[in-house]
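S.K.: A structural model of the following input is requested.
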Amino acid sequence: MRLALYEPDIPQNTGALIRLCACLGVPLDIIEPCGFVFEDRRLRRAGLDYHDLATVHRHRSWAAFETARNGRLILLSTRGEVRYCDFAFAPGDILLLGRESAGVPPLVHAAADARIRVPMHRGTRSLNVALAAAVVLGEALRQIGALPEDLPEEPR
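M.R.: The predicted structure follows:
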């Protein structure tokens with residue numbers, strides 16, 4: 001299981017997602033270009049001291065990410081056909097989050113193997129990208145038995 005960010009443009013969200021991935025033991029793919037300098041202090045502040053604990057892979061472009069990726073691409077989208085809680089996740093899945101300001105372009109939308117959504121009250125537009133990732137990633141890891149407490153202890 002992996003989490004991927006498509007051209008993120010808010011450093012605080014990216015920092016929060018680095019922290020989430022560190023805490024849950026999930027690799028993070030960042031598809032560039034980012035809308036900020038990757039060493040931004042706001043990115044560091046949001047991620048606290050978890051940056052060194054996270055496995056982060058940066059990809060120069062969508063094409064570079066597509067070349068490197070293995071597994072189903074599961075797009076979190078407000079236009080998703082299936083509710084995340086009704087979706088059957090698999091260990092090799094990559095959960096893809098779009099740009100905070102614009103989502104993903106049609107090319108990326110079309111490349112997804114599935115499009116899922118978080119149910120929300122009518123009249124609301126979307127969750128913060130980091131919150132949506134936490135909700136869906138938690139369920140995905142639960143389904144595949146990969147929550148950190150479910151895994152064997154790693155030797156120190």
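S.K.: pLDDT below threshold where in the chain?
M.R.: Applying pLDDT under 70 to the chain flags the ranges 38-48, 153-156.
S.K.: hey, where'd the helices end up in it?
M.R.: 11-24, 41-47, 62-68, 106-111, 129-143 (DSSP state H).
S.K.: any idea which of those is most buried?
M.R.: Mean neighbour count (mean count of other CB atoms under 10 Å) peaks for helix 11-24 among these, with a mean of 21. Any C-beta I mention is one placed from the backbone N, CA and C, and that applies to glycine too.
S.K.: Would you check the distance separating stretch 139-154 from the middle of the chain?
M.R.: Mean-position distance between stretch 139-154 and its chain equals 17 Å (CA atoms, centre = their mean, to the nearest Å).
S.K.: go on, stretch 112-127?
M.R.: With CA atoms, centre = their mean, you get 15 Å for stretch 112-127.
S.K.: which parts of that stretch are buried?
M.R.: For stretch 112-127, a neighbour-count test (16 or more other CB atoms under 10 Å) marks 112, 114, 115, 116, 117, 118, 126, 127 as buried.
S.K.: number of nearby residues for residue 9?
M.R.: Neighbour count for residue 9, taken as other CB atoms under 10 Å: 16.
S.K.: for residue 103, that is, sorry about that
M.R.: Neighbour number of residue 103 under other CB under 10 Å is 18.
S.K.: beta partners of it?
M.R.: residue 99 (DSSP bridges).
S.K.: doesn't residue 80 make contact with it?
M.R.: No - using CB atoms under 8 Å, residue 103 makes no contact with residue 80, being 11.2 Å away.
S.K.: Quick check: the gap between residue 30 and residue 59.
M.R.: According to CB to CB, to the nearest Å, residue 30 stands 7 Å off from residue 59.
S.K.: now swap in residue 26 and tell me
M.R.: In terms of CB to CB, residue 26 sits 16 Å off from residue 59.
S.K.: Over to residue 28?
M.R.: Counting by CB to CB, the gap from residue 28 to residue 59 is 11 Å.
S.K.: Setting aside sequence neighbours, what's the nearest residue to residue 59?
M.R.: Nearest non-adjacent residue to residue 59, counting by CB to CB, 6 or more residues apart in numbering: residue 65, 4.0 Å away.
S.K.: if I pick residue 10, what's in contact with it?
M.R.: By CB atoms under 8 Å, 6 or more residues apart in numbering, the contact list for residue 10 reads 35, 36, 100, 129.
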